[in-house]
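Peer 1: The sequence isn't on hand, but the structure is:
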């Protein structure tokens, strides 16, 4: 793993948000002032390809990057905020229903977050 890959992986794993490339770049630039945006793109893509980082592509939003720990995502349909949530593992239930072994799954649940509910009047 290259120096930049390792630093980028550490940035993503330490983050409590779902970072964009620009956020990763700005964080890395504080420690590595000479880094260029293309380097961040290249290294993040390599980390995604090797399965060390998860890419969150959500229609209408900029791609975000996340750690690969087992967790699911709640996505606000109004503001687009992404929150981590840990549901019970569905792997054995899904395998039983499919009759196949599954490698994993990516559960994304759309809802209206508490902040947007307040703005909308509580629904």
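Peer 2: Looks like it arrived, so ask away. Keep in mind that what you see is a predicted model, and the values were worked out from it rather than measured.
Peer 1: quick one: contacts for residue 19?
Peer 2: When contacts are counted by C-beta atoms under 8 Å, 6 or more residues apart in numbering, residue 19 is found next to 11-12, 27, 64-66. No exception for glycine: its C-beta is placed from N, CA and C like everyone else's.
Peer 1: one more time with 10 Å, if that's ok
Peer 2: 8, 11-12, 25-27, 44, 53, 56, 64-66 (C-beta atoms under 10 Å, 6 or more residues apart in numbering).
Peer 1: Check it and give its pLDDT.
Peer 2: Here, the pLDDT recorded for residue 19 equals 97.
Peer 1: Looking at strand pairing, list the partners for it.
Peer 2: residue 65 (DSSP bridges).
Peer 1: Please tell me how far residue 94 sits from residue 57.
Peer 2: 22 Å (C-beta to C-beta, to the nearest Å).
Peer 1: okay, those two: which has more neighbours?
Peer 2: The neighbour comparison of residue 94 against residue 57 (other C-beta atoms under 10 Å) goes to residue 94, with 14 against 8.
Peer 1: Tally up the residues packed near the residue lying closest to that one once chain neighbours are set aside, please.
Peer 2: Counting by C-beta to C-beta, 6 or more residues apart in numbering, residue 102 is the residue found nearest to residue 94 once chain neighbours are left out, at 5.6 Å. Residues lying near residue 102 (other C-beta under 10 Å) number 11.
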